[in-house]
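# Sequence plus predicted model, see below.
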Amino acid sequence: MHYFLLTFVFLWFAFVAPLRVVLLTAACCLAIAFGVRLVAHAIAGVSVGYGKAITAVLLSAFLLLLTLLLIAGGFRDMSWIKFMALNPLSILFMLVASYVVGYHLCLGTQLWASSVIALLSAVITVGVIFSARSMIA
């Protein structure tokens with residue numbers, strides 16, 4: 001079912017965005033999936049397909065977004081002074097944990113391997129996005 005949803009989102013994006021942006025986004029997704037496949041095979045020794053790698057990246061991003069919404073929405077009734085009194089390290093820990101759990105759930109690796117995969121794939125993703133950003137401008 002999630003492959004249908006990903007295909008629908010990509011087709012909607014293909015109709016809305018210019019062709020150059022669509023092709024660059026597809027190339028970036030494949031480069032990120034290739035990086036996740038390499039890292040997962042090197043760290044955990046598991047064989048991951050392109051679909052599962054893209055699903056792992058998107059699930060981690062979705063859980064990260066969900067955590068941000070829960071943090072922001074959960075403190076809606078609090079005053080700003082009480083919100084600033086929270087430990088920023090605990091918020092950072094919640095965000096990193098949600099990102100790592102996305103890889104853990106989708107790839108089925110151990111938690112330590114998922115954290116290394118998440119760290120290295122985040123570095124790969126940032127590199128791919130910054131290199132693609134120069135192609136758009």
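Yep, it's here.

# Please name the residues that touch the most centrally placed residue in the chain.
Geometric centre of the chain, nearest residue: residue 61, 3.4 Å, by CA atoms, centre = their mean. Applying CB atoms under 8 Å, 6 or more residues apart in numbering to residue 61 gives the contacts 99, 102. (Glycine included, C-beta is placed from N, CA and C.)

# Which parts of the chain are helices?
2-16, 19-43, 50-74, 80-84, 88-107, 111-136 (DSSP state H).

# Could you dump those helices into TSV with mean pLDDT added?
Listed next are the helices of the chain as TSV, based on pLDDT from 0 to 100:
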stretch	mean pLDDT
helix 2-16	83
helix 19-43	90
helix 50-74	84
helix 80-84	56
helix 88-107	87
helix 111-136	89
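
# related to what we said a few turns ago, gap between the residue nearest to the centre of the chain and residue 90?
21 Å (CB to CB, to the nearest Å).

# before we move on, the earlier item: ok, the residue nearest to the centre of the chain to residue 87 distance?
24 Å.

# cool, and residue 34?
Where residue 87 is concerned, residue 34 sits at a distance of 37 Å (CB to CB).

# okay, these two: which has more neighbours?
The neighbour comparison of residue 34 against residue 87 (other CB atoms under 10 Å) goes to residue 34, with 14 against 8.

# Who are the contact partners of the more buried one?
With the criterion set at CB under 8 Å, 6+ apart, residue 34 makes contact with 50, 53.

# switch the cut-off to 10 Å
For residue 34, the contact set (CB atoms under 10 Å, 6 or more residues apart in numbering) comprises 50, 53, 124, 128.
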